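Chemist: Pasting the sequence and the predicted coordinates here, then a few questions.
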Amino acid sequence: MKTNLTILIVLSLFIIAGCNNDYYPKPKGYFRIDLPDKEYIKFDSVYPYSFEYPVYAKVLPDKNAQAEKYWINISYPQFHGTLYLSYKSIDKNLNKYLEDTRTMVMKHIPKASSIENQLYENKLSGVYGLTYTISGVAAASPYQFYLTDSTNHFVRGALYFSTVPNNDSLAPVITFLKDDINHMIETFEWK
């Protein structure tokens, strides 16, 4: 009986000595994001423009009180994101629209770590523009652009998410949607 008690005490000491009570917190993780396959359909209606957009997006009329004719929103419900498109007819006011776009992009400077722009030109379709990639953890809109034919039409686009901006965690989605927006730009045509 005494040897059983001794063995039990020795085993208990080994078990207690083998326990490690040091606690190390794990870093915060993010949910895995499943990205759908790329497939596009054409938006072609009574609007003065057409383009291809992804099948997992929804084209909706802009219901904002300040919205004008031919303004639309391309909603990405799976990602809680929206691409806002506003259309303007040009009547000797192209410079005003270009400056308005630049002003809207520059409002992100306090939260942005960088703003990169890239010219876009499709002479065959008469579509010219500029894209803005806005980097930074708390930048509200990571991607914006404008397209114009320089004489009649002007479209401005801005991507926003209905979440608190944390572009580090949204990076895979931003890259994914940026590719879709670039596809839209490349297939954009005026009527």
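Modeler: Ah, there it is.

Chemist: Tell me which stretches of this protein form strands.
Modeler: According to DSSP state E, the chain carries its strands in the segments 40-43, 49-54, 58-61, 72-76, 81-89, 114-122, 127-135, 143-148, 153-161, 189-190.

Chemist: Do you know the pLDDT at residue 5?
Modeler: On the pLDDT scale, residue 5 is placed at 75.

Chemist: Against residue 125, how distant is it?
Modeler: Per CB to CB, to the nearest Å, residue 5 is found 90 Å from residue 125. Backbone N, C-alpha and C define where each C-beta goes, glycine included.

Chemist: Residue 42 now?
Modeler: Per CB to CB, residue 42 is found 14 Å from residue 125.

Chemist: so where's the protein shaky on pLDDT?
Modeler: Along the chain, the parts satisfying pLDDT under 70 run over 1, 13-14, 16-23, 26-31, 165, 167.

Chemist: One more pass at 80, please.
Modeler: 1-5, 7-33, 164-169 (pLDDT under 80).

Chemist: Tell me how many other residues crowd residue 139.
Modeler: Per other CB atoms under 10 Å, the neighbour tally for residue 139 reads 21.

Chemist: same question, residue 170
Modeler: Using other CB under 10 Å: residue 170 sits among 21 other residues.

Chemist: Please apply the same query to residue 85.
Modeler: 23.

Chemist: Show me which of residue 5 and residue 125 is the more surrounded one.
Modeler: residue 125 (14 against 9).

Chemist: My read is that that one contacts residue 185, right?
Modeler: No: applying CB atoms under 8 Å as the test, residue 125 and residue 185 come out as separate, 10.4 Å apart.

Chemist: Output the strands of the chain as a markdown table; include the columns distance to residue 173.
Modeler: Below are the strands of the chain laid out as a markdown table (distance: least, CB to CB, whole Å):
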| stretch | distance to residue 173 |
| --- | --- |
| strand 40-43 | 18 |
| strand 49-54 | 13 |
| strand 58-61 | 16 |
| strand 72-76 | 8 |
| strand 81-89 | 7 |
| strand 114-122 | 19 |
| strand 127-135 | 14 |
| strand 143-148 | 11 |
| strand 153-161 | 8 |
| strand 189-190 | 27 |
